[in-house]
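# no sequence for this one, just the structure:
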C-alpha cells in the first residue's frame with residue numbers, strides 16, 4: 001500500500017497541469033543569468049517574451065532548440081520579442097552552453113526548480129529535477145497568450161515567429 005501511495009505522489013508531480021495558463025498573468029520570476037546578473041519578469045513588461053524551458057544544456061535537443069532561436073533572433077527582435085531560456089542547470093553550465101553556441105539571448109539558471117515548477121515545467125524525480133521542454137509566449141501586458149510543448153526543435157523559432165506575426169498583427 002505504501003509503494004502505491006509513493007507512486008501516486010510521483011505521478012501527481014510528473015503530470016500536474018501547467019500552472020501558467022493561457023489568458024492568465026505569467027508568474028513572476030527572478031533568476032540569475034549566464035553572466036551572474038539577476039533578471040526579473042518585470043523588465044520584460046511592454047515587450048513580447050518568448051520564455052522557454054529546456055531540460056539540459058548541451059544535449060542534442062536543447063542545442064537544436066537554442067540554435068533555432070539564435071538563428072532567428074533578428075526576426076524575433078524585429079517582431080518586438082525577447083527570448084529567455086530557463087533550465088535547472090548551474091550558472092557555469094549555462095554560461096558554457098551560451099558561449100559554445102554563441103547564443104545572443106539570456107539564459108537563466110533555475111537551480112532549485114522553483115520557477116520551472118511555477119510554470120508547470122518541472123519534472124521532479126526526487127533526487128533529480130529538470131525542466132520540461134515548454135515555451136510560453138507572453139504578451140507586452142504580461143499575459144500568457146500561447147503555450148507550446150511538442151514542437152520541432154529545429155523549427156521552434158519559426159513557429160513562434162509565425163504566431164507572433166499573427167498575434168501582433170504584423171505582416172511577413
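Yep, it's here. Computed from a predicted structure; not experimentally measured.

# ok, what's across the strand from the most centrally placed residue in the chain?
In the chain, the residue lying closest to the centroid (Cα atoms, centre = their mean) is residue 52, at 1.8 Å. Residue 52 has these beta-bridge partners by DSSP bridges: residue 85, residue 135.

# Run through the helices of this structure in chain order.
Ranges of helices in the chain, per DSSP state H, are 2-15, 60-71, 73-78, 91-100, 114-118, 156-168.

# on that earlier part again, enumerate every residue touching the residue nearest to the centre of the chain.
65, 69, 83, 84, 85, 86, 133, 134, 135, 136, 156 (Cβ atoms under 8 Å, 6 or more residues apart in numbering). From N, CA and C alone the C-beta is placed, and that goes for glycine too.

# Can you list the low-confidence ranges for the protein?
1-18, 170-172 (pLDDT under 70).

# run the last query once more with 80
Flagging of the chain using pLDDT under 80 yields the residue ranges 1-19, 169-172.

# For the residue lying closest to residue 95 once chain neighbours are set aside, give its distance to residue 89.
Leaving aside its chain neighbours, residue 95 sits nearest to residue 34 (4.2 Å; criterion: Cβ to Cβ, 6 or more residues apart in numbering). Computed with Cβ to Cβ, to the nearest Å, the distance linking residue 34 and residue 89 is 10 Å.

# shared neighbours of those two, anything?
97, 109.

# who's more crowded, those two?
residue 89 (26 against 23; other Cβ atoms under 10 Å).

# quick revisit: what about the contacts of residue 52, which one has the most neighbours?
residue 85 (27 neighbours).

# From residue 23, how far off is it?
Taking Cβ to Cβ, one finds residue 85 at 24 Å from residue 23.

# Enumerate every residue touching the closest residue to residue 30 other than its chain neighbours.
Among residues not flanking residue 30 along the chain, residue 40 sits closest, at 4.5 Å (Cβ to Cβ, 6+ apart). Counting by Cβ under 8 Å, 6+ apart, residue 40 touches 28, 29, 30.
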